[in-house]
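Colleague: Structural data only, the sequence is not supplied:
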Ligand code: F6R
């Protein structure tokens, strides 16, 4: 029980609507589950338990609201089978009707309970002696995604796990076997792991593991060693992980740069691209894919690549991309961006590209994650574990990684050595410049608190500034629940201006570049409608009045977005604190979205 609870605490940031555990003791399955956080589950647990086998889960609701009934683990009617499930069973309604006709009754609204009852049904049909077989046969009837762990009351010391689209990692200990959806939960116990692939099932006992496919063909899967530190998640004196991770950005930047700057040729190099210069030069286009903040960082990264390397580059939502039957072109290099490396839509886009013969690299933070393994090549972000649900340091590190990549491609093409040298100097100065901004946290706190009382906000910018506007708006709405929209500054007059009034502040990203005068005109248009303006810029003075001006240091234009971003992170954080929000675990969200 303590192992399960420690694991759930480590993984809680990935889903926190409800939590539960099932313990297998003798021939009895005891289930404890509770709507709410892991701490609430703790209050209903027995002081101790003799059980040595169990499963646990924290939920991010897909089917059915967060409630005690909908929490996992689920039991079938007879209490024979307990199951935890990540993913979505798409044909659950159909299977449920079939099982109801046989007399099964359901306690919850979840697709996961349907799978539990189906496994119990298959087990009984086949004479109750082969849990793995019952799981395999059930999964053959199921459409959708799953990472599951199953216990049977008549199967002491046995657990069956399976994967299709949602991660399952087996940890091999000393006469102990562990399972988790993320290596973070395994590192206190073992470094020896086996990553299940889609379509694989494993039968586990304390000292054995047998992996097979759904047709029962046994696979020989050697264990690999995970090379990650024990990511004990402590706040390090900060009040929230969000704040801690904002503060960690200088160190995180040092890590993403380390070993990747080539001062001899004024370029960047990467250990894991697995492409030589000739192959790289064969690509005529770059397409980046991601979701949420990863998509926003990919959009800014695409601009960096296109501007510097003069190679056409754009970014697209991974989910949209995979469903629009994209044309995959051998001369396009695809890049999947994902902090967790587990985002289902991004993983599915990678698989679609590879299925059509395209070449895809991963830009990923979590080492050994599904997207990293699926791509087999790419750039690790080395930002360290990001626990807060919203991305901060991984966003910054993605921008830095993509800037390095832009430099690398740029130097193969048009960028002169001297310009490469200037970018390298700017990259090396970046961690200290970000630190200077972090040292001004109190100033940004005042701004965040000041605008916390508004119900809505706009964020505008041009080119990369528009990307930052999107990120600023997403951060603010995610953690403070203030409605925030982002627009290219030029778009305001085409509609959104209708909502500008004294109660609608606009955050304007205004770098000191060729477009500064255009952004100043946008500011005038907003102020003429009495809209409060908060400008995030670089010039010593803007030459026009704004309600709040935040000046950030200059870098190379390629890297300016990183510095302009930092105040936006602080503003969202402090607005959320002022509004009493749970910043680290915003409502309705989860850190890693392994479902569609
Ligand atoms: C926003 C945020 C999300 C993620 C998105 C993709 O703060 O964190 O929008 O960026 O869910 O996640 P990854 O990067 O893990 O693929």
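Modeller: Looks like it came in fine. Keep in mind the model is a prediction, meaning the values are calculated, not measured.
Colleague: Skipping adjacent residues, who's closest to the closest residue to the ligand within the stretch 101-250 of the chain in space?
Modeller: Closest to the ligand within the stretch 101-250 of the chain is residue 242: 9.7 Å, counting by C-beta to the nearest ligand atom. C-beta here means a position set from N, CA and C on the backbone, and glycine is covered the same way. The shortest distance from residue 242 to any non-neighbouring residue, by C-beta to C-beta, 6 or more residues apart in numbering, is to residue 388 (4.0 Å).
Colleague: what about that neighbour, helix or strand, and which?
Modeller: Under the criterion DSSP states H and E, no helix or strand holds residue 388.
Colleague: tell me the contacts of the most far-flung residue of the chain relative to its centre?
Modeller: In the chain, the greatest distance from the average C-alpha position (C-alpha atoms, centre = their mean) is reached by residue 127, at 42.4 Å. By C-beta atoms under 8 Å, 6 or more residues apart in numbering, the contact set of residue 127 is empty.
Colleague: from here on, count from 134
Modeller: Got it, the first residue is 134 from now on, which makes the last one we talked about residue 260.
Colleague: That one in helix, strand or coil?
Modeller: coil (DSSP: H, G, I helix; E, B strand; the rest coil).
Colleague: packing partners for the helix or strand containing the residue of the stretch 234-383 of the chain closest to the ligand?
Modeller: Element membership for residue 375 (DSSP H and E) is helix 374-380. Secondary-structure packing of helix 374-380 (3 or more C-beta pairs under 8 Å, 6 or more residues apart in numbering; DSSP states H and E): helix 693-711.
Colleague: In the protein, what residue lies closest to the ligand?
Modeller: For the chain, C-beta to the nearest ligand atom, closest residue to the ligand: residue 425, 1.9 Å.
Colleague: And what about the nearest residue to that residue once chain neighbours are set aside, helix, strand or coil?
Modeller: Nearest residue to residue 425, sequence neighbours excluded (C-beta to C-beta, 6+ apart): residue 607, at 7.0 Å. Per three-state DSSP, the local secondary structure of residue 607 is helix.
Colleague: contacting residues around the residue of the stretch 234-383 of the chain closest to the ligand?
Modeller: Contacts of residue 375 (C-beta under 8 Å, 6+ apart): 521, 523, 525, 612, 706, 716-717.
Colleague: Just the buried positions in stretch 613-621, please.
Modeller: Neighbour-count burial for stretch 613-621, with 16 or more other C-beta atoms under 10 Å as criterion, is recorded at 613-615, 617-621.
Colleague: The stretch 184-333 of the chain: strands as residue ranges?
Modeller: Applying DSSP state E, counting those that start in this stretch to the stretch 184-333 of the chain gives strands spanning 186-192, 207-208, 214-219, 279-285, 292-297, 302-305, 310-313, 325-328, 333-337.
Colleague: Surely the residue of the chain closest to the ligand is in contact with residue 608?
Modeller: No. Contact status for residue 425 versus residue 608: not in contact, 10.7 Å apart, counting by C-beta atoms under 8 Å.
Colleague: Of those two, which one has the most company?
Modeller: The neighbour comparison of residue 425 against residue 608 (other C-beta atoms under 10 Å) goes to residue 608, with 28 against 22.
Colleague: What score does the closest residue in space to that one that isn't next to it in sequence have for pLDDT?
Modeller: In this structure, residue 608 finds its nearest non-sequential neighbour in residue 705, 3.8 Å apart by C-beta to C-beta, 6+ apart. pLDDT, residue 705: 98.
Colleague: Contact partners for residue 705?
Modeller: 523, 581, 605, 608-609, 611-613.
Colleague: Next one: it relative to residue 650, how far apart?
Modeller: Residue 705 sits 28 Å away from residue 650, going by C-beta to C-beta, to the nearest Å.
Colleague: do residue 259 as well
Modeller: Residue 259 is 75 Å from residue 650, by C-beta to C-beta.
Colleague: again with residue 314
Modeller: 51 Å.
Colleague: next one: residue 190
Modeller: For residue 190, the distance to residue 650 (C-beta to C-beta) stands at 55 Å.
Colleague: Which one's more surrounded, these two?
Modeller: Comparing residue 190 with residue 650 by other C-beta under 10 Å, the one with more neighbours is residue 190, at 25 against 10.
Colleague: so what pLDDT did the more buried one get?
Modeller: pLDDT for residue 190: 94.
Colleague: same check, this time on residue 185
Modeller: For residue 185, the predicted pLDDT is 86.
Colleague: which residues touch it?
Modeller: Taking C-beta under 8 Å, 6+ apart, we find residue 185 in contact with 290, 339.
Colleague: tell me the phi and psi of it?
Modeller: Main-chain dihedrals, residue 185, degrees, to the nearest 10: phi -120, psi 0.
Colleague: end-to-end on stretch 142-155?
Modeller: 16 Å (C-alpha to C-alpha, to the nearest Å).
Colleague: Tell me where the stretch 384-533 of the chain has strands.
Modeller: 394-395, 400-401, 418-423, 446-450, 465-471, 492-497, 511-513.
Colleague: and the strands of the stretch 184-333 of the chain, which is most packed in?
Modeller: Comparing the strands of the stretch 184-333 of the chain by mean neighbour count (mean count of other C-beta atoms under 10 Å), strand 214-219 ranks first with a mean of 29.
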